[in-house]
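Novice: Return a 3D structure for these sequence lines:
(one chain, ligands or ions: 1)
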Amino acid sequence: MTTPTVAETPPSVLIVEDEETLLFTLAHNLKREGYKVITASRGDDALELARSKNPDLILLDVMLPGVDGIQVCRLLRRDTTIPIIMLTALGGEGDRVAGLDTGADDYLAKPFGMRELLARVRAVLRRSSLRTPAAAASDLYVTGDLEIDPGRREVRKNGALVHLKPKEYELLVFFTQHPGRVYTREQILDEVWGYDYEGGARTVDVHVRWLRQKIEDDPGQPQHIRTVRGSGYIFDG
Ligand code: CA
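Specialist: Reported below is the predicted structural model:
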C-alpha cells in the first residue's frame, strides 16, 4: 500500500463532517495512512480553516450546519484551488452535479468504504500532481514567459497572475512536466482526469482551448500548446 509518509511534510487533509462517528472514522483512517488531519463540523469553520491552514485536500460533506458544503465549495473556489472531494448523501444526484459544477474535484456517495475513500484521496492528490513526494519541491518552474509556483499553485505569464481553474492548472502542469512529447487526448485524459473519468476526449480539447486563451499571446497561433493533427498535443516552453 502506498503511504504518503515518504514526503517530508505529509499531505494535510481537512475533513468537514457533522456526523461525529463518521468524522472520527475518517480522521482515524487518514491519520493511520500518514496524513495530517484537520477537522471541522460546520461549514463556516471549514471556510476559516481552509484559509488559515491551507490543507492539501478537503473532504467536504454536503449537508452541514452553518454554511452548506456546496456553498463552502463555491466560496473556496473564488480564490483557492485546493482539491475538494464532496461527500454526498446516498442517491444525491443533485448534490453530485451541484458539487462538480461548483468546482469539486471528485465526489463520493454515502455510505462508502474506507478503502474506496483512501483510493480517491490518493488519486486526487496524485492528480493535483505537485503534491506527490517526487515533485514536492516548491521551486518555481519557469518556461518561456510562464512561471509556475507549485507551492502556491499559481501561474504567472510575464509576471502577471493567470487565474486558472483546477483542471486547467493540472493540465498545464502535466504539459510542462512533459515538454516536447506528443500526447493523445486519451493519454492526457488518463493522466490529468484519471482512468475512471467518464467524459470524452472532447473534454481535453475544451480545456486546451481555455488554457490557450489564458497563457498564449495569440490563442489562434499557440506557441506553448500546439495541436499535432491526427495525434494530439505537444507542449513547448
Ligand atoms: Ca452531514
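
Novice: Y169 touches T81, doesn't it?
Specialist: Yes: if you go by Cβ atoms under 8 Å, Y169 and T81 touch, sitting 5.9 Å apart. No exception for glycine: its C-beta is placed from N, CA and C like everyone else's.

Novice: quick one: which helix or strand includes R51?
Specialist: R51 is part of helix 43-53 when elements are defined by DSSP states H and E.

Novice: can you list contacts of the next helix-or-strand element following that helix?
Specialist: Sequence-wise, the next helix or strand downstream of helix 43-53 (DSSP H and E) is strand 57-61. Applying Cβ atoms under 8 Å, 6 or more residues apart in numbering, the contact partners of strand 57-61 are 11-19, 26, 46, 50, 69, 72-73, 76, 82-87, 104, 117, 121, 124-125, 128.

Novice: tell me what the following helix or strand past strand 57-61 is packed against?
Specialist: Downstream of strand 57-61, the next assigned helix or strand under DSSP H and E is helix 69-77. Helices and strands touching helix 69-77, by 3 or more Cβ pairs under 8 Å, 6 or more residues apart in numbering; DSSP states H and E, are helix 43-53, strand 57-61, strand 84-88, helix 93-101.

Novice: now those as JSON lines including distance to Q221 and mean pLDDT?
Specialist: Formatted as JSON lines, the helices and strands packed on helix 69-77 follow (distance: least, Cβ to Cβ, whole Å; pLDDT from 0 to 100):
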{"stretch": "helix 43-53", "distance to Q221": "39", "mean pLDDT": "94"}
{"stretch": "strand 57-61", "distance to Q221": "38", "mean pLDDT": "96"}
{"stretch": "strand 84-88", "distance to Q221": "35", "mean pLDDT": "91"}
{"stretch": "helix 93-101", "distance to Q221": "32", "mean pLDDT": "64"}
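
Novice: Most tightly packed of the ones you listed?
Specialist: Ranked by mean neighbour count, these are led by strand 57-61 with a mean of 27 (mean count of other Cβ atoms under 10 Å).

Novice: returning to that earlier point: tell me if the helix holding R51 is near the ion.
Specialist: No: judged by Cβ under 5 Å from the ion, helix 43-53 makes no contact with the ion; its nearest approach is 9.9 Å.

Novice: just how off-centre is that helix within its chain?
Specialist: On the basis of Cα atoms, centre = their mean, to the nearest Å, helix 43-53 sits 18 Å off its chain's mean C-alpha point.

Novice: Pull the residues that contact it.
Specialist: So helix 43-53 is contacted by 12, 14, 16, 38, 40, 55, 58, 60, 64-69, 71-72, 75-76, 80, 82 (Cβ under 8 Å, 6+ apart).

Novice: the inter-axis angle of it versus strand 57-61?
Specialist: Helix 43-53 runs at 180 degrees relative to strand 57-61, counting by axes from the mean of the first three to the mean of the last three Cα atoms, to 10 degrees.

Novice: picking up where we left off before, what do Y169 and T81 both touch?
Specialist: R153.

Novice: Serialize the helices and strands packed on helix 69-77 to CSV and add fields for distance to A201.
Specialist: Below are those laid out as CSV (distance: least, Cβ to Cβ, whole Å):
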stretch, distance to A201
helix 43-53, 33
strand 57-61, 27
strand 84-88, 24
helix 93-101, 19
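
Novice: The ones you listed: which one's closest to P219?
Specialist: helix 93-101 (25.0 Å; Cβ to Cβ).
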